[in-house]
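Engineer: sequence plus predicted model, see below.
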Amino acid sequence: MTQTSTKPDAATGADAAAQPWSPRIVAFVCNWCTYAGADLAGTSRLQYAPNVRIIKLPCTGRIDPLFILKAFEQGADAVLVSGCHPGDCHYTAGNYHARRRWGLFRRLMEFTGIDAKRLFFSWVSAAEGQKFADLINAVTDEVRQAGPFDPTNPARKRPWT
Amino acid sequence: MARVGVFICHCGENIGRTVDCAAVAKAAEAFPGVVKSVDYKYMCSDPGQQMIKDAIRDERLTGVVVGACSPRMHEPTFRRAAFEAGLNPYLLEMANLREHCSWVHEDRPVATEKAIDLMRVMVEKVKKNAELRPIRVPVEPTALVIGGGIAGIQAALDIAGGGKKVILVERSPSLGGHMARLSETFPTLDCSQCILTPRMVEAANHPNITLMTYSEVTKVDGFIGNFEVTVRQKARYVDPEKCTGCGACFEKCPAKKIPSEFDAALGNRTAIYRPFPQAVPNKPVIDAEHCIMLTKGKCGICAKVCPTGAIKYDDKDREVIVKVGAIVVATGFELWDHSAYGEYGAGRLEDVINGFQFERLASASGPTTGEIRRPSDGRIAESVVFIQCCGSRDPKRGVPYCSKICCMYTAKHAILYRHKVHHGRAVVFYMDVRAGGKGYDEFVRRAIETEGAEYIRGRVSRIYRRKDGRLVVKGADTLAGRPVEIVADMVVLADAIVPQPGASRLAQMLGVSYDEYGFYSEAHPKLRPVETAKAGVFLAGACQAPKDIPESVAQASAAAAKVLGLFSQPELEREPIVAKVNEVTCVHCRACIQACPYGAIEDKEIKDSKGNLIRTVACVNEGECQGCGTCVAVCRSGSIDLDGFTDEEVLAEIAALE
Amino acid sequence: MTTPIGYYPGCSLHGTGRELDQSIRALAEVAGVDLREIKDWNCCGATAAHSLNHDLAVALPYRTLALAEDQGLAEVLAPCAACFSRLKGTAVRLARDPKLAQKMTEITERPYRGTVRILSIIEFINRLLDAGLEAKLTHPLGGLKVAPYYGCLLARGEDIVDDDPEQPSGMERALVAAGCEVVPWNFAVECCGGGLSMSKTEAVLDLSDAILSDAEDAQADAIVTGCPMCHSNLDMRQRTINAAGRGPHDLPVVYLSEILGLAAGIEPERLGLDRHFVDAMRVAERMTERSA
């Protein structure tokens, strides 16, 4: 799993090769802050890029690093982790555990050859609908600039646009 | 073999406008394991729910995915429907097609594709879902009410009246709070003490209420239904069992010049004192800081004059742990300190006072027996200027919010003053008059139109003391567009309402969130104004935001109703989202025990039939586990999992991304 | 303090406020500070320029700032409160608004990179105290009761002055160090009439009378100011105020630098104390030699 700028192999890339590339972002969010912030973006009718798929967990503390690796394995170009602001964790300290974990996990990513810039972190509270929309747009833009992570991955059946 | 039903809601046009719901249902039909897939205008309506129930029975579904609004909105609705149809409610999941899709995208094909993805993810998850049973925890049917002002008294009386036990904790030596200090109340001018003191006595005598005055909460452990609260009972130095409240002690106490908290420092008290004559309990305490015996070791007069030997100079603070099922926080407010306003004398001008001080002057039981005498020399104030919004609505030096009650109590002060000093001049400087409330605007109009208060719209730029001791108040009349200068004997500042000092410390103990000023945050500003984000902790009165008496009382009764509702069942049902240890693979590294923010994981010894220890493993206390899953992510041997969000379920979701 | 500090006397210190100039220079000498007058400085514009032409009001101080920068001065003392307010206010605006800075560069045909820091008389004196002047105050004033008067400009402008605009305290440390007792009074930041001195003298008489009366009510032996305009209204106009049937007042009005100069043992004449309209030499009589 290394980054490559070569054209995807038509045989393995299935439908993806036929269609233009667009970022695939998997977001792991906590139930109490960021999921609710995304809900608020919805109720406020804030438009943002359709390139994100949200996976809800109770807390960022629940996120096993394996989930992130699996998301890349499943064809993600980037992974976003977002939870409650420091000090505001619904479970008191889960987000601190998560933050410490990412510090170490980044090094593992670099070791495995995944550019750590493909892993995004943010704090979005339940009141920050605009911040959520802005965040998704910003991450999508950044990933668009960086290009696909593994365009030959057969898990990529079609672009997320 | 999984048999999943998919139900796509149009939400009227909310989803249907952007997402082709029929196409989503059609696509979902092809997902492995899906045996039924339909779309409908309003899935949450009765016929919609009936469709789900019928399908569960007819198709013998083992899982349901509803593609509709946010699960925060209707997950309980649909799970109830599933339960009624005989399906374990935790085998139903929702995909958020509205807030996370139709409302945030405009392009119909794009939104439809994304909706299909969201459905596929949830279908894969629900296939891995396990049946879960709600966890039942016992409820200790005793409430703790923190704060003995009108809100706390009301909440305590209502809960006690509902047949449940209450522990009422008050920091000061007496119940009553700020309301006991007021002279009359707006907009009816009833005497505050006359309506409050019977309630205080009722609370003290109620068989279901345990009163803990001169006490503070120092520690809160546990969770809804099962809190363990540590209360520090401060040393009173007077044995309440022996004391008869005769008052001989404070009549003879030689330390007499201590500013009275109750009289807002306009009067004095002794070192052994009761805050006011109607105090409940009506038994004095010794203020250790000022008592000559306790500071210098000599005096002892109170012990000599006490006929029952109730004085105990060797009394000590005591800590008591109480078990309660719910907590009502009613810690009230304080007034902002106007010494930050240099132009109003920086707190140095004796005759510039705050609203409480005016209340005490106007009160028949106050230091001037109800005569409006200025503090500096005791002369009757012939002219009084009232300034509203002192500190309120001043983001720079005060607080940005409106303190809500000041317009009303200033009108009341002006009326009371005019009743007491008929020839006196009452001038009110205001920014706006905000008198929303039953009979409130009429009351302000009465102050202006029939009671002769002069209302000037504008701010005061400076107050200073003239050589003759009177105050010069310079300001602007912004309606007339000219500067005004008024010579007054006294100025009453309507200081902003701020939380009690220490409010944020208590909030941290309770796990309640609070805003940037220290007011406690309700769970939802509109629909859950009494609850907090911490289950089992409720709010009453001005600790949440500035409030007047009727609002505080109403919220207190609402909090009491919530507590009684909670106590109506002996056990409490909780979402079964808790961690579970696989004892076979656990290697007892204790990483989870250290990571758990709730101390919910303990060591468990596994013994053979003879009682010999075989090995030790981690064990989750279901009652205490809140379901964050931090332990799962730190487990090195993969021996803990979180019900509702198992590794298998989450990985199935990820694998469903195409 | 070896780095030279720039010195911007402005028009007052060469005219009606000569005592201020003299006392500051004398004090700087005692403290061992090298004050360097900016070469070719021009008028700050004061009240007149900004009521007529906003560009002019910025261009005038801009030129002075640019000169100071060009002459290698990192800090410039502007003792007159109006000059200080104009120079510091301009520096703040230029830092905030690069377009304005560009425009000024074009108008004055001089570059300015924004490196000059402007000091008020209060900041300057506190700086001297930090740098060792405190130990040289060998002649404390024996509890002289003073009313510190900040007027409109030495406490106001939240980007300009770092003090509470309604109850400033910037002068207090220096006054206490000089052996004075600061009396609490009401008019420390009220208007003296300022620039209306010539055009509406009547208004100045009213306003300055109120200030003098309040200081007297507070039992002050003297008013202490840092502004030559305030000084001339309160000192020079005192006789006129009395003649108009107010008062009568007889209250010395002295500069902060004069008080500090006296406490440092500088002869009153060298500080210009003999040049006041209302006899200020009596303040000098309060000097007591500290037995070290």
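Structural biologist: Now that the structure is in, tell me what you want to look at. Since the model is a prediction, treat every value here as computed from it, not as a measurement. Numbers count the residues shown, from 1 in each chain, chains lettered A, B, ... in the order given.

Engineer: from B:Ala595, how far out is B:Cys586?
Structural biologist: 14 Å (C-beta to C-beta, to the nearest Å). (Glycine included, C-beta is placed from N, CA and C.)

Engineer: contacting residues around the helix or strand hosting C:Ala91?
Structural biologist: For C:Ala91, the host element (DSSP states H and E) is helix C:81-96. Outside helix C:81-96, the residues within contact range by C-beta atoms under 8 Å, 6 or more residues apart in numbering or on different chains are C:8, C:10, C:12, C:44-47, C:50, C:57-58, C:60-62, C:64-65, C:76, C:78, C:100-101, C:104, C:112, C:114, C:116-121, C:151-154, C:157, C:159-160, C:226-230.

Engineer: of those, buried ones?
Structural biologist: C:8, C:10, C:12, C:44-47, C:57-58, C:60-62, C:64-65, C:76, C:78, C:100-101, C:104, C:112, C:116, C:118-121, C:151-154, C:157, C:160, C:226-230 (16 or more other C-beta atoms under 10 Å in any protein chain shown).

Engineer: so which of the residues you listed are in helices?
Structural biologist: C:10, C:12, C:46-47, C:57-58, C:60-62, C:64-65, C:100-101, C:104, C:121, C:228-230 (DSSP state H).

Engineer: helices and strands around the worst-scoring helix or strand of chain A on mean pLDDT, which ones?
Structural biologist: Ranked by mean pLDDT, DSSP states H and E, the weakest helix or strand in chain A is helix A:94-112, scoring a mean of 85. Applying 3 or more C-beta pairs under 8 Å, 6 or more residues apart in numbering or on different chains; DSSP states H and E, one finds that helix A:94-112 contacts helix A:65-73, strand A:78-83, strand A:119-123, helix B:630-634.

Engineer: out of those, which gets nearest to chain C?
Structural biologist: Checking the helices and strands packed on helix A:94-112 against chain C by C-beta to the nearest C-beta gives strand A:119-123 as the closest, at 30.6 Å.

Engineer: show the average pLDDT along the closest one.
Structural biologist: Taken as a whole, strand A:119-123 has a mean pLDDT of 93.

Engineer: for B:Cys253, give me its contacts.
Structural biologist: B:270-273, B:301-302.

Engineer: now it: closest residue in space that isn't a chain neighbour?
Structural biologist: B:Thr270 (3.7 Å; C-beta to C-beta, 6 or more residues apart in numbering or on different chains).

Engineer: burial check on the one you found, number of neighbours?
Structural biologist: Residues lying near B:Thr270 (other C-beta atoms under 10 Å in any protein chain shown) number 23.

Engineer: residue contacts, the spatially most central residue of chain B?
Structural biologist: Centroid-nearest residue in chain B, with C-alpha atoms, centre = their mean: B:Leu539, separated by 3.1 Å. Residues near B:Leu539 by C-beta under 8 Å, 6+ apart: B:328-330, B:512, B:520, B:522, B:529-532, B:555, B:559.

Engineer: redo that, cut-off 7 Å
Structural biologist: B:329, B:520, B:522, B:530, B:532, B:555, B:559 (C-beta atoms under 7 Å, 6 or more residues apart in numbering or on different chains).

Engineer: go on, B:Pro138?
Structural biologist: For B:Pro138, the contacting residues are B:225, B:570-571, by C-beta under 7 Å, 6+ apart.

Engineer: same question for B:Cys249.
Structural biologist: B:272, B:284, B:302, B:305-306, B:311.

Engineer: max pairwise distance over these: which two?
Structural biologist: In those, two members sit farther apart than any others by C-beta to C-beta. They are B:Pro284 and B:Val305, at 12.0 Å.

Engineer: looking at the two, which is more packed in?
Structural biologist: More neighbours surround B:Pro284 than the other of B:Pro284 and B:Val305, with 30 against 15 (other C-beta under 10 Å).

Engineer: returning to what we had before: which of the contacts of B:Leu539 ranks first by neighbour count?
Structural biologist: Of the contacts of B:Leu539, with other C-beta under 10 Å as the count, B:Ala559 tops at 31 neighbours.

Engineer: how is chain C partitioned into domains?
Structural biologist: Domains of chain C are assigned by automatic domain parsing as C:5-122, C:138-284.

Engineer: what about the last one and chain B, any contact?
Structural biologist: Yes - counting by C-beta under 7 Å from any C-beta of the partner chain, chain B is contacted by domain C:138-284 at C:164, C:166-167, C:184, C:186, C:217.
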